[in-house]
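# Following is a predicted model, sequence given first.
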Amino acid sequence: MTDDGFTTRLLAELNLDDVDETRATINSLMKQARAVLVSAINSNVDLKVYMNDDLFLGALDALTTQLFYDRTLENNFSLGVQMMLVQLQAKYLNEGGDSNGNAQNS
């Protein structure tokens with residue numbers, strides 16, 4: 001899924017007006033949420049792999065939405081985001097690394 005496609009879909013899902021300011025905000029928050037998730041899961045996995053993973057996209061939806069309504073994440077990640085994050089960490093544990101989950105040096 002492309003960034004623009006993600007933003008358009010999430011705007012519609014959240015019933016937000018598709019105006020430039022809101023689109024820019026959602027797009028920026030999505031990139032922040034994606035960076036947090038990728039860093040927490042496994043930064044050695046290609047972004048295209050994540051952007052084609054339904055579970056990752058669900059976590060990205062949830063965290064982007066959470067950031068939209070609570071920019072400071074005062075209550076930390078929601079339980080749903082935490083649950084999806086654990087599943088994604090298990091799924092991608094050995095991707096781009098050795099059998100112990102350590103990153104390979106290039």
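Good, I have the coordinates. Residues are numbered from 1 along each chain as shown.
# Could you list the low-pLDDT ranges of the protein?
96-106 (pLDDT under 70).
# need the strands for this protein, in chain order.
For the chain, strands defined by DSSP state E do not occur.
# what's the distance between the most centrally placed residue in it and K31?
In the chain, the residue lying closest to the centroid (Cα atoms, centre = their mean) is L60, at 3.1 Å. Using Cβ to Cβ, to the nearest Å, L60 is found at 10 Å from K31. Backbone N, C-alpha and C define where each C-beta goes, glycine included.
# re the thing from before, surely the residue nearest to the centre of the chain and L29 touch.
No. Under the criterion of Cβ atoms under 8 Å, L60 is not in contact with L29, lying 10.1 Å apart.
# Need the overlap of contacts for the two.
By Cβ atoms under 8 Å, 6 or more residues apart in numbering, L60 and L29 have no common neighbours.
# which helices and strands sit right next to the longest helix anywhere in the chain?
Identified as the longest helix of the chain according to DSSP state H is helix 20-41. Contacts defined by 3 or more Cβ pairs under 8 Å, 6 or more residues apart in numbering; DSSP states H and E place helix 20-41 against helix 3-13, helix 47-50, helix 54-69, helix 79-91.
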